[in-house]
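Novice: output the structure for:
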Amino acid sequence: MDWTFTNDRPVWQQLTEQLTLRILKGEYPPGSRLPAVREVAAQAGVNPNTMQRAMAQLEQDGLAVANRTAGRTVTEDAAVIQEARRARAMAAVAECLRVLADLGYAPEEAAEIIREGLNHE
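Specialist: Below is the predicted model of the structure:
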């Protein structure tokens with residue numbers, strides 16, 4: 001796994017985002033076991049306490065479930081995962097629209113640019 005970090009936000013937040021994305025993309029399927037905190041902390045090159053905080057956030061977000069004997073697993077609730085995927089997509093759309101508005105595009109023009117982009121993919 002590749003882990004990348006920037007200096008603009010706390011590392012635990014970036015870890016949470018990266019783990020969330022992996023869950024949403026299906027790299028960690030529903031019901032699958034998440035790696036142990038120490039294991040994934042070593043892979044990411046971070047302190048285990050930092051990784052523990054990120055994993056705890058996944059639990060708070062409903063994407064992970066703690067089990068004393070089996071460690072953490074990805075939720076099996078497909079609705080939770082789908083809702084998180086949609087929220088992530090809507091945030092990306094909002095950011096795209098913000099950038100286009102900053103460039104001076106009206107909403108209708110922004111929609112046209114997005115349609116053009118879809119046709120070029």
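
Novice: how deep is the residue lying closest to R38 once chain neighbours are set aside tucked in, by neighbour count?
Specialist: Using CB to CB, 6 or more residues apart in numbering and skipping the chain neighbours, the partner closest in space to R38 is P48 (5.2 Å). Yep, even glycine has a C-beta here, placed from its N, CA and C like the rest. Neighbours of P48 under the rule other CB atoms under 10 Å: 15.

Novice: show me which helix runs longest in the protein.
Specialist: helix 78-102 (DSSP state H).

Novice: could you point out which element follows that one?
Specialist: helix 107-119 (DSSP states H and E).

Novice: wait, doesn't A54 sit right on W12?
Specialist: Yes. Shown here, A54 and W12 form a contact pair, counting by CB atoms under 8 Å, at 4.8 Å.

Novice: who has more neighbours, these two?
Specialist: Using other CB under 10 Å as the criterion, A54 and W12 rank with A54 on top: 25 against 19.

Novice: and the more buried one, how far is that from L103?
Specialist: Distance of A54 to L103, given as CB to CB, to the nearest Å: 34 Å.

Novice: can you tell me how far A70 is from Y105?
Specialist: Using CB to CB, one obtains 50 Å as the distance from A70 to Y105.

Novice: so the two - more neighbours on which side?
Specialist: Each of A70 and Y105 has its neighbours counted (other CB under 10 Å); Y105 has more, 15 against 9.

Novice: chain neighbours aside, what residue packs nearest to T50?
Specialist: W12 (5.1 Å).

Novice: the one you found: which element?
Specialist: helix 11-24.

Novice: pull out the buried positions in that helix.
Specialist: Buried residues in helix 11-24, counted by 16 or more other CB atoms under 10 Å: 11-12, 14-16, 18-20, 23-24.

Novice: same check on stretch 28-37?
Specialist: Quick answer for stretch 28-37 (16+ other CB under 10 Å): 28, 34-35, 37.

Novice: ok, stretch 84-99 next?
Specialist: Buried residues in stretch 84-99, counted by 16+ other CB under 10 Å: A84.
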